[in-house]
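For reference, the sequence and a predicted model appear below.
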Amino acid sequence: MNNVVPGTLVDFSDLNISIDPKQFPLLQQAAKNALRRAIQNRGTTMGINSAYRTCAQQYLLRYWFEYGNPCGFQAVAQPGSSSHESGLALDVADWSGWRPYLEAQGWTCYGQGDVVHFTFPGIPIANVEIQAFQTLWNRNHLNDQIDADGLYGLETASKLSISPSEGFGGDPGLRILRLASPFMRGGDVRRIQKKLKEGGYLNNDSDVEGIYGPITEAAVRKFQTNEGITVDGVVGPETYRKLGIE
């Protein structure tokens with residue numbers, strides 16, 4: 001999202017929250033400001049079940065909802081229409097306790113049907129997220145291009161359905177990977193984790209998850225030490241070369 005429109009979303013993990021590291025703690029700036037005030041006013045930690053979602057995540061949730069609903073969702077929007085994709089929504093664990101504090105700051109509880117879901121007024125930008133996926137697809141499929149129009153339709157849905165869960169490989173250029181907040185994640189992270197596991201620097205299959213967390217950083221530092229290169233926990237050109245990734 002921020003690669004398409006820089007500064008669209010901001011990290012809110014610095015607030016007094018509890019959120020699974022697999023979630024994306026991202027909101028639009030005004031929504032974060034209102035959330036900060038609500039948390040300060042109540043004076044306790046907020047448990048968050050879900051925040052920003054990519055269109056791929058929204059696609060999977062909608063698919064599960066339509067085909068058996070194994071997770072028991074009460075409601076799931078189509079990709080491109082969820083306020084989660086716009087950085088304007090949260091699913092809150094203690095929703096009834098937080099409701100008055102959030103509503104006092106401009107948040108709205110969805111109510112019956114999805115009581116944990118709160119939204120904040122703002123500009124819907126889910127179409128930008130859809131466009132980001134379409135652009136990524138085209139970059140990796142030069143002979144199978146689709147319209148990068150930001151609209152979710154049958155063509156985009158079909159491409160989402162066959163996209164690899166670990167992300168696309170072969171991006172032009174290699175990202176500099178480091179421990180960050182929120183954690184960096186993607187197919188490139190999974191790729192270096194596989195190399196580290198092959199070399200004995202990561203021990204468990206669960207460590208190859210595509211999320212650059214503290215365990216991965218520690219493994220990178222150990223690898224750099226053994227290779228006699230700069231030990232900074234950052235995967236840059238030199239570390240990529242030593243890992244055999246060009």
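Alright, I've got the coordinates. Numbering: from 1, shown residues only.

how about the helices of this protein, start to end?
Assigned by DSSP state H, the helices in the chain fall at 29-42, 55-66, 95-103, 126-140, 154-161, 187-198, 214-227, 237-243.

low-confidence ranges in the chain?
Residue ranges of the chain with pLDDT under 70: 1-5, 70-71, 166, 169-173.

how about a markdown table for the helices of the chain, with mean neighbour count and distance to residue 82 added?
Every C-beta, even on glycine, is put in place using the N, C-alpha and C of the backbone. Below are these laid out as a markdown table (neighbours: other Cβ atoms under 10 Å; distance: least, Cβ to Cβ, whole Å):
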| stretch | mean neighbour count | distance to residue 82 |
| --- | --- | --- |
| helix 29-42 | 18 | 14 |
| helix 55-66 | 18 | 5 |
| helix 95-103 | 17 | 18 |
| helix 126-140 | 20 | 6 |
| helix 154-161 | 15 | 14 |
| helix 187-198 | 19 | 24 |
| helix 214-227 | 18 | 30 |
| helix 237-243 | 16 | 36 |
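
between those helices, which gets nearest to residue 72?
Comparing those against residue 72 with Cβ to Cβ, the closest turns out to be helix 55-66 (9.6 Å).

Could you tell me how many residues sit around the nearest residue to residue 75 once chain neighbours are set aside?
Ranked by Cβ to Cβ, 6 or more residues apart in numbering and with sequence neighbours excluded, the top spatial neighbour of residue 75 is residue 114, at 4.7 Å. Number of residues near residue 114 (other Cβ atoms under 10 Å) recorded here: 16.

Over to residue 23?
So residue 23, with other Cβ under 10 Å, has 17 neighbours.

wouldn't it be in contact with residue 50 here?
Yes. Counting by Cβ atoms under 8 Å, residue 23 touches residue 50, with 6.2 Å between them.

Would you mind measuring from residue 167 to residue 140?
10 Å (Cβ to Cβ, to the nearest Å).

wait, I meant residue 94
To residue 140, residue 94 is 41 Å away according to Cβ to Cβ.

cool, residue 192 as well?
19 Å.

again with residue 182
24 Å.

Likewise for residue 111?
Computed as Cβ to Cβ, the residue 111 to residue 140 distance reads 41 Å.

before we move on, what about residue 101?
44 Å.

Could you do residue 164 as well?
The spacing between residue 164 and residue 140, counted by Cβ to Cβ, is 10 Å.

Ok, residue 243 next?
Distance, residue 243 to residue 140, using Cβ to Cβ: 22 Å.

One more: residue 238?
26 Å.

do residue 87 as well
25 Å.

and if you look at residue 186?
13 Å.

ditto for residue 215
For residue 215 relative to residue 140 (Cβ to Cβ), the value is 28 Å.

do residue 12 as well
Counting by Cβ to Cβ, the gap from residue 12 to residue 140 is 31 Å.

Repeat that for residue 227.
In terms of Cβ to Cβ, residue 227 sits 30 Å off from residue 140.

Likewise for residue 217?
From residue 217 to residue 140 the distance is 27 Å (Cβ to Cβ).

and the residue nearest the centre of the chain, what is it in contact with?
Nearest to the mean C-alpha position of the chain, counting by Cα atoms, centre = their mean, stands residue 24 at 4.2 Å. Counting by Cβ atoms under 8 Å, 6 or more residues apart in numbering, residue 24 touches 51-54, 182.

Just put these in TSV and tack on distance to residue 146.
Formatted as TSV, the contacts of residue 24 follow (distance: Cβ to Cβ, whole Å):
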residue	distance to residue 146
51	28
52	24
53	21
54	17
182	28
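
Noted, bye for now.
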